[in-house]
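# No letters, just coordinates:
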């Protein structure tokens, strides 16, 4: 319950107006329900001519006795008077009409109470999804290297849906049933405190049993949702690697893998649902046992004529039976809420994840790039201590004591074997990761002291894998540049050698390019991403093996577009194909996280080192 209340405090507070309306309507519904059932007593007394109510001949002053006694006396006085004046059958008719009207008002209040919860439930679900998506866009790239994409998708879809189905659907129960239980219980105490005291002994035993089963259910739910994440991960891997699966005739192997995980998930979720479905019959059985016990004890009080008449006892039993339904609904929530809280824990693993890449408390702002980028004694390791205090031998350093100056307007190329730290080095400039030792400076300012938005506005990226979105050419090229005109977008496409094939498409710039640009060739995708970088017009350009995955003709077109893009810009280029960086102002060779050689293409060829070996291996 503590976890549930904390979640309510986090997400329900913005909807407190609807909570107030729901509570108000539920109170009115409960009061009308009590008063409508109260009509049963005079109806029974009139029908069977029982009780002392019909013998009341005078009104009592409100201060002449207990509130209960005065109210009952005066009610019976008016009923008795009405019977004398109009007759018993007419009185019975009017009491019946009162019962109908009270029931109508009660159902209207119930409808309004339930309707007041709907904006809360749908709003909270929307808020959770927005918060998860917002947090995903804020978290550093390092978070996603340790998490599976399928697992994150499962948390945002399956887990959020489970939160909605189990916890949010219980909000109506939580706002309504405690009010009903409190109202009915107060009525029971007023009617007969002795009988109520006897009933109260039984209820805590039922509540304890429900709580015990609920805790078991939560543990099982956490395990089931983890298996659901595994299932989504396999689906994601299959969709991404379908070509390889078919090429290696591994369809049956992947089907068996998926079936194993899916069957295990089915087994666990089956038992979760079976236990959840046990709530209703179990609570109904326990409720019936309670009614029978109370009926036996109350019957003794009536038969011994101890402070309880027959019609009043029937009214008591009606109210007691009415309290069972709210108790049953709370027991259902007792099963459903732990299941939802298990999913909420998984969602919170994203919402409460630490964002290590964030703006400083008082960020420095930079509007333009004027001088140079500098790497000063930079060390970086993915699992290194945040301040570099750990012993070097205990950390797997990706970059080791990097010192590099990139002057404005120059092109610096980074080459080296796979795993030497090339991509990691350039990722430190826009602060996708933070260094553990040393500094990365732009115009003499540590990038950790700059506002992240200001820093990244200075930088344009063209990656080996062209990252495009399932939208039109127009939207992809203008991504992040909301003020771009159609003329500027077309000009960027022309400079990137993308204009011709875009104009040949079905709807030209409004043509949808498919998921990740699946309707385009590799060269076309790369030229669209270059057009996007051209439109942003950044002073600093990072090229991460932008032509390595292209055929010769596409490479020529893309290289031509890149050369136009690189003019008057400061460029850091990672390249496997040395032919693409022959004209770089300086080439740095990385080996095992260190810069081991640097110079121009011609200078490095005169050294019998790593660069010359790479160059010789690439010669035809």
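Cool, got the structure. Note that the coordinates shown come from a computational prediction; the quantities given were computed from them, not determined experimentally.
# What's the end-to-end length of stretch 354-362?
20 Å (C-alpha to C-alpha, to the nearest Å).
# Likewise for stretch 245-258?
With C-alpha to C-alpha as the measure, stretch 245-258 spans 13 Å from end to end.
# Quick one: mean pLDDT over that stretch.
Stretch 245-258 carries an average pLDDT of 74.
# swap in stretch 165-172?
Stretch 165-172 carries an average pLDDT of 69.
# Tell me, please, where in the stretch 101-250 of the chain the pLDDT is lower than the cut-off.
The stretch 101-250 of the chain contains residues with pLDDT under 70 at 145-148, 167-169, 172, 202-229, 236, 239-244, 246-248.
# In it, what residue spans correspond to helices?
141-146, 149-154, 160-162, 171-191, 193-200, 203-240, 242-247 (DSSP state H, counting those that start in this stretch).
# Can you tell me the SS state at residue 375?
Three-state assignment for residue 375 (DSSP: H, G, I helix; E, B strand; the rest coil): strand.
# in the sheet, who's paired with it?
Taking DSSP bridges as the rule, residue 375 bridges to residue 404, residue 440.
# gap between it and residue 428?
According to C-beta to C-beta, to the nearest Å, residue 375 and residue 428 sit 8 Å apart. For the C-beta atoms, the positions are set from N, CA and C on the backbone; glycine is no exception.
# Need the overlap of contacts for these two.
Shared contacts of residue 375 and residue 428, defined by C-beta atoms under 8 Å, 6 or more residues apart in numbering, comprise residue 440.
# Identify the residues contacting the closest residue in space to residue 451 that isn't next to it in sequence.
For residue 451, ignoring the flanking residues on the chain, the nearest one in space by C-beta to C-beta, 6 or more residues apart in numbering is residue 363 at 3.8 Å. Residue 363 makes contact with 449, 450, 451, 452, 454, according to C-beta under 8 Å, 6+ apart.
# measure the first one to residue 434 for me?
Which is residue 449. Distance from residue 449 to residue 434, by C-beta to C-beta: 12 Å.
# do the fourth one as well
Taking C-beta to C-beta as the criterion, residue 452 is separated from residue 434 by 11 Å.
# Ok, the last one next?
Distance, residue 454 to residue 434, using C-beta to C-beta: 16 Å.
# repeat for the second one
Taking C-beta to C-beta as the criterion, residue 450 is separated from residue 434 by 12 Å.
# Give me the more crowded residue out of these two.
Relative neighbour count places residue 450 above the other of residue 450 and residue 434, with 22 against 16, counting by other C-beta atoms under 10 Å.
# Look up which residues are beta-bridged to that one.
When bridges are called by DSSP bridges, residue 450 pairs up with residue 364.
# Adjust the sequence numbering to begin at 58 for everything that follows.
Okay, using 58 as the starting number, the last item reads as residue 507.
# which residues sit in contact with it?
By C-beta under 8 Å, 6+ apart, the contact set of residue 507 is 417, 420, 421, 422, 423, 499.
# same thing but at 7 Å, please
420, 421, 423 (C-beta atoms under 7 Å, 6 or more residues apart in numbering).
# And for residue 329, the neighbour number?
Residue 329 - counted by other C-beta under 10 Å - has 23 other residues nearby.
# Name the residues of the host helix or strand of it that are buried.
Using DSSP states H and E, the element containing residue 329 is helix 308-334. Within helix 308-334, the residues scored as buried using 16 or more other C-beta atoms under 10 Å are 311, 315, 318, 319, 322, 325, 326, 329, 332, 333.
# Quick one: name whatever helix or strand follows it.
Taking DSSP H and E, what comes next after helix 308-334 is helix 336-360.
# Figure out how far that next one is from the centre of its chain.
Computed by C-alpha atoms, centre = their mean, to the nearest Å, the chain-centroid distance of helix 336-360 equals 43 Å.
# Residue 159: neighbouring residues, count only.
19.
# and it, what does it touch?
89, 92, 93.
# Name the helix or strand for the last one, please.
Take DSSP H and E as the rule and residue 93 turns out to sit in helix 73-95.
# tell me the angle that helix makes with helix 228-248.
Note on geometry: by axes from the mean of the first three to the mean of the last three C-alpha atoms, to 10 degrees, helix 73-95 and helix 228-248 are set 40 degrees apart in direction.
# Output the contacting helices and strands for helix 73-95.
Contacts defined by 3 or more C-beta pairs under 7 Å, 6 or more residues apart in numbering; DSSP states H and E place helix 73-95 against helix 145-195, helix 228-248, helix 367-408.
# Need those in TSV (columns: distance to residue 209).
Formatted as TSV, those follow (distance: least, C-beta to C-beta, whole Å):
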stretch	distance to residue 209
helix 145-195	7
helix 228-248	27
helix 367-408	7
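# Of those helices, which is nearest residue 338?
helix 367-408 (9.9 Å; C-beta to C-beta).
# what distance separates that closest one from the centre of its chain?
25 Å.
# Repeat that for stretch 518-533.
The chain centre lies 26 Å from the centre of stretch 518-533; the measure is C-alpha atoms, centre = their mean.
# Straight-line length of that stretch, end to end?
Taking C-alpha to C-alpha as the measure, stretch 518-533 stretches 14 Å from start to finish.
# Contacts for it next, please.
Outside stretch 518-533, the residues that touch it by C-beta under 7 Å, 6+ apart are 536, 546, 559, 566-574, 582-583, 585-587, 589-590, 599-603, 605-606.
# Could I get the full set of helices for the stretch 558-677 of the chain?
Using DSSP H, counting those that start in this stretch, helices in the stretch 558-677 of the chain cover 579-593, 609-623, 658-662, 667-675.
# Relative to residue 193, which of the ones you listed is closest?
Here helix 579-593 is closest among these (C-beta to C-beta), at 21.5 Å.
# per-residue confidence averaged over the closest one?
The model assigns helix 579-593 a mean pLDDT of 81.
# Mind giving me the packing neighbours of that helix?
strand 516-520, helix 530-534, helix 543-552, helix 609-623.
# Save those as JSON lines, and put in distance to residue 238 too.
Below are these laid out as JSON lines (distance: least, C-beta to C-beta, whole Å):
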{"stretch": "strand 516-520", "distance to residue 238": "60"}
{"stretch": "helix 530-534", "distance to residue 238": "54"}
{"stretch": "helix 543-552", "distance to residue 238": "63"}
{"stretch": "helix 609-623", "distance to residue 238": "70"}
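# Quick one: these as TSV, columns for mean neighbour count and mean pLDDT too.
Shown next, in TSV, are those (neighbours: other C-beta atoms under 10 Å; pLDDT from 0 to 100):
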stretch	mean neighbour count	mean pLDDT
strand 516-520	22	80
helix 530-534	23	85
helix 543-552	18	84
helix 609-623	18	70
